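1. Quick one, what's the 3D model for this:
(one chain, ligands or ions: 3)
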Amino acid sequence: MNDDRRLEFLKLFEKLISVMTFPDRFVREELVDALRNLSKFFRLSKGTTEFFRSISDEKSGVGEILTDYDEGPADFIAHQRRIVSPMGTVCKVTLYMSNDEKRLSEEEIAHLDVVARSLISFVTRNRLSNAVDRLSFYDEDNYPNLRYFFRHIERISDRNALFGNTLIVINCRQFALINRDIGRAAGDIVLRRYYEIFEDTLGDKGLICRVGGDSFTILCENDMVNDITRLIEGIPVTYDEEHEKRVMVSSCAGVYPLPADISPEHPGEIFGPVYALSQEAKLELGQPILYVNRAYSEEREKAAHIRHRFLEALENAEFQAYYQPKVDVRDGRIIGAEALCRWFENGKLIPPGDFIPVLEQNMDICLLDFYMLEMVCRNMKNWMDKGKDLVRVSVNLSRKNLIDADLLKRIVDRIDFYKIPHDKIEIELTETKTEVEFNRLKTVVTGLQEAGIWTAVDDFGVGYSSLNLIREIPWNVLKIDRCLLPVEGDSEEVTRLMFRHVAAMANDMGLKCVAEGVETKEHIELMKENGCPIAQGYYFDRPLPIEEFEKRLLKGFYELDK
Ligand code: C2E
Ligand code: MG
Ligand code: MG
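-> Ligands and ions are numbered 1, 2, ... in the order given. Sure thing, here's the model as predicted:
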């Protein structure tokens, strides 16, 4: 090679290197062009590049083969270079010549080898970065994943263009059942089709990625939201075209129209709350789609405040036991009371409806329940010490306590510590949601029963009270919820009928029957007619501070004909 030729080679090689150096600005045509010029320079007739993910792939011939140049008869291999990368991938460049061309000199082959090695290193790097992309941004079933979604949000956020978009997280309902009914393989097809229906509907106006399992997340322009919620509410999805088999799929979702001032440090900041909302929607039977709005944000702030303050409030003794009398409607005697929790924060009352559900989201409620039990025992001990007659007091226990293996022992310990007669304490529990919980409930109630402590099933008639609940578990008391008492003014015959049957059933099963939320004379009449002897409600009194309640106890009864 003379100097001119060397110089020409350097120019062509430099062009190739510049095309390959910046992969993000890479244009395939430019690469092909640079390679063509070099091939001509070396009198080649054809050049191929092969890429295999592993040596065994190479052996079985499974890989990518690109022909970079093909301009004549490939009579023999003029040069070949094969490199195995440290990751185990194989890249091979093969260069052919026609018999008519002059053979390459040693020097030319040395130069050509430099080209081949550069090309191999470029192809390997390029392929690996694609592979890393695939591994990072797609999940094992080849759906774009949350990282992909976050990168998308970051790009839009970078352009300050998030406003005008809505973030949605959806959870399929009962997908486990679909899997069970039609089989896992068909279930996978349903999930993929379902995803594709969203993807097609969104077009270039949004993106859908999989969060995991049967949960997806969407970012779309606001004007797509109606179309998307319609899909969420339920659509038929075909999984076997030949036999026209399809299933209905519906989801629940959290929906967040992004506000104008949105600029998250990290996409997780906006995704997190919507995801949490979608989980809540799963539990909320009547409301499959929940929206992030001002009311919702305020609610969350309140809940956060409650969680944050709770332990401190316990220590500061901000909680008090109020007592609501239970009255025998036949003679007006006070036969017991329910202890209900009241929280005074800086003298301001927070109603239990605000804080109990929040504390029930974790185990905090158990601390409160035992605090209440303790307080009730202490008050009763006080009455005993003053020589007063005791009435039975009931204490509410959240279902959350059921996972405590020592629950029974802890309750008995507390009552015995204050030497309260067991039959003067009643524990109120509500129905359970799962079978495991049901079995635990049965064990605990049976244990309390054996210890002589009274038990009551609370809120009977709310939700889906099952007959098993009262047939299989040995309760003393059934508390009929106030939703089974007729509301004044309306002639709710069905409610009356239900009340009658529940009361009759309780009596047949030997359970004492208590009606909650008794507010009117009419309610009292209904109770008398149907053999429900005990009333708790505003008709007699609201839950009272202890001093007030003690006054009522001193008198011992209510006038019935007021
Ligand atoms: P609950 O155990 O069913 O208690 C009865 C609720 O009905 C009480 O509400 C009571 O004030 C209310 N009530 C009684 N009579 C009437 C009436 O005539 N009309 C109406 N409209 N309402 C009446 P409260 O005190 O607001 O408590 C609400 C719920 O909070 C309780 O329902 C109970 O589930 C829970 N709770 C209260 N204290 C505790 C506690 O210490 N531990 C646990 N786990 N839950 C508690
Ligand atoms: Mg109760
Ligand atoms: Mg109740």
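2. How far does stretch 274-292 sit from its chain's centre?
-> Relative to the centre of its chain, stretch 274-292 is centred 9 Å away, using Cα atoms, centre = their mean, to the nearest Å.
3. Name the residues of that stretch that are buried.
-> Neighbour counts over stretch 274-292 (16 or more other Cβ atoms under 10 Å) mark 274, 275, 277, 278, 281, 282, 288, 289, 290, 291, 292 as buried. Quick note: C-beta positions are derived from backbone N, CA and C, even for glycine.
4. tell me the contacts of the fourth one?
-> The one in question is residue 278. When the contact criterion is Cβ atoms under 8 Å, 6 or more residues apart in numbering, the partners of residue 278 are 169, 170, 171, 215, 252, 253, 254, 290.
5. Taking these together, which two end up most distant?
-> Pairwise distances across the contacts of residue 278 (Cβ to Cβ) peak at 14.7 Å, for the pair 215 and 290.
6. quick one on the thing from earlier: where's the dip in pLDDT among the contacts of residue 278?
-> Comparing pLDDT over the contacts of residue 278, the lowest score belongs to residue 290 (90).
7. That residue bridge partners, please.
-> Beta bridges link residue 290 to residue 254, judged by DSSP bridges.
8. Cross the buried residues of stretch 274-292 against helices and list the overlap.
-> Among the buried residues of stretch 274-292, DSSP state H puts 274, 275, 277, 278, 281, 282 in helices.
9. Dump those into JSON lines; add distance to ligand 1 as well.
-> Formatted as JSON lines, these follow (distance: Cβ to the nearest ligand atom, whole Å):
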{"residue": "274", "distance to ligand 1": "29"}
{"residue": "275", "distance to ligand 1": "28"}
{"residue": "277", "distance to ligand 1": "24"}
{"residue": "278", "distance to ligand 1": "27"}
{"residue": "281", "distance to ligand 1": "23"}
{"residue": "282", "distance to ligand 1": "23"}
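10. from these, which single one is nearest residue 520?
-> Scanning these for proximity to residue 520, where the rule is Cβ to Cβ, the winner is residue 281, at 37.2 Å.
11. From residue 353, how far out is the closest one?
-> Per Cβ to Cβ, to the nearest Å, residue 281 is found 21 Å from residue 353.
12. Likewise for residue 485?
-> According to Cβ to Cβ, residue 485 stands 19 Å off from residue 353.
13. What of residue 174?
-> From residue 174 to residue 353 the distance is 30 Å (Cβ to Cβ).
14. before we move on, the earlier item: could I get the ones in helices among the buried residues of stretch 274-292 in TSV, plus columns for pLDDT and distance to residue 502?
-> Below are these laid out as TSV (pLDDT from 0 to 100; distance: Cβ to Cβ, whole Å):
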residue	pLDDT	distance to residue 502
274	93	41
275	93	40
277	89	36
278	92	36
281	87	31
282	84	30
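15. who's more crowded, residue 174 and residue 353?
-> Neighbours per residue, other Cβ atoms under 10 Å: of residue 174 and residue 353, the larger number sits with residue 174, 14 against 7.
16. Over to the more buried one: give its phi and psi.
-> Taking degrees, to the nearest 10, you get phi 50, psi 40 for the backbone angles of residue 174.
17. residue contacts, it?
-> So residue 174 contacts nothing (Cβ under 8 Å, 6+ apart).
18. Need the pLDDT of it.
-> 87.
19. ditto for residue 19
-> 86.
20. so it is in which element?
-> If you go by DSSP states H and E, residue 19 is part of helix 3-21.
21. cool, residue 66 as well?
-> For residue 66, the host element (DSSP H and E) is strand 64-70.
22. tell me the average confidence for that strand?
-> 86.
23. CA atoms only: put it into CSV for me.
-> Provided in CSV are the C-alpha atoms of strand 64-70 (Å, rounded to 0.1, in the frame of the first residue of the first chain):
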residue,chain,number,x,y,z
GLU,A,64,-29.0,-12.5,13.2
ILE,A,65,-27.2,-12.5,9.9
LEU,A,66,-26.9,-9.1,8.1
THR,A,67,-25.5,-8.8,4.7
ASP,A,68,-23.8,-5.4,4.6
TYR,A,69,-22.6,-5.5,1.0
ASP,A,70,-23.3,-7.8,-1.9
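24. dump the residue contacts of the residue most central in space within the chain.
-> Residue closest to the average C-alpha location in the chain (Cα atoms, centre = their mean): residue 279, at 3.3 Å. By Cβ under 8 Å, 6+ apart, the contact list for residue 279 reads 171, 254.
25. Just the pLDDT for it.
-> 89.
26. Would you mind measuring from it to residue 396?
-> Applying Cβ to Cβ to residue 279 and residue 396 gives a distance of 26 Å.
27. Same check on residue 334?
-> Applying Cβ to Cβ to residue 334 and residue 396 gives a distance of 19 Å.
28. Indicate the residue of the stretch 451-562 of the chain located nearest to ligand 2.
-> residue 458 (4.3 Å; Cβ to the ion).
29. Pretty sure that residue sits against residue 398.
-> No - the pair formed by residue 458 and residue 398 falls short of the contact definition of Cβ atoms under 8 Å, at 10.4 Å.
30. Which one's more surrounded, these two?
-> Higher neighbour count among residue 458 and residue 398: residue 458, with 21 against 17, using other Cβ under 10 Å.
31. partners of the host helix or strand of that one in the sheet?
-> Using DSSP H and E, residue 458 maps to strand 454-460. Using DSSP bridges, the strands paired with strand 454-460 are strand 425-429 (parallel), strand 477-480 (parallel).
32. May I see the buried residues of that strand?
-> In strand 454-460, counting by 16+ other Cβ under 10 Å, buried: 454, 455, 456, 457, 458, 459, 460.
33. which among the residues you listed are in contact with ligand 1?
-> Among the buried residues of strand 454-460, proximity to ligand 1 is found for 458, 459 (Cβ under 6 Å from any ligand atom).
34. JSON lines for the buried residues of strand 454-460, including distance to residue 301 and pLDDT?
-> Below are the buried residues of strand 454-460 laid out as JSON lines (distance: Cβ to Cβ, whole Å; pLDDT from 0 to 100):
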{"residue": "454", "distance to residue 301": "40", "pLDDT": "98"}
{"residue": "455", "distance to residue 301": "37", "pLDDT": "97"}
{"residue": "456", "distance to residue 301": "35", "pLDDT": "97"}
{"residue": "457", "distance to residue 301": "35", "pLDDT": "95"}
{"residue": "458", "distance to residue 301": "30", "pLDDT": "95"}
{"residue": "459", "distance to residue 301": "28", "pLDDT": "92"}
{"residue": "460", "distance to residue 301": "34", "pLDDT": "92"}
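35. Mind picking the two most distant members of the buried residues of strand 454-460?
-> Farthest-apart pair in the buried residues of strand 454-460 is 454 and 459; separation 16.8 Å (Cβ to Cβ).
36. Tell me which residue in the stretch 101-250 of the chain sits closest to ligand 2.
-> Here the stretch 101-250 of the chain gets closest to ligand 2 at one residue, residue 173, 31.4 Å apart by Cβ to the ion.
37. neighbours around that residue, how many?
-> So residue 173, with other Cβ under 10 Å, has 19 neighbours.
38. ok now do the residue nearest to it when sequence neighbours are not counted, which residues does it touch?
-> Counting by Cβ to Cβ, 6 or more residues apart in numbering, residue 250 is the residue found nearest to residue 173 once chain neighbours are left out, at 5.3 Å. Going by Cβ under 8 Å, 6+ apart, residue 250 touches 172, 173, 232, 233, 234, 235, 288.
39. Tell me which two in the residues you listed are the farthest apart.
-> Counting by Cβ to Cβ, the most remote pair of the contacts of residue 250 is 235 and 288, 13.4 Å apart.
40. The stretch 401-550 of the chain against ligand 2: which residues are in contact?
-> Within the stretch 401-550 of the chain, the positions near ligand 2 by Cβ under 5 Å from the ion are 428, 458.
41. what about stretch 362-372, near ligand 2?
-> No - Stretch 362-372 is not in contact with ligand 2 by Cβ under 5 Å from the ion; minimum separation 11.1 Å.
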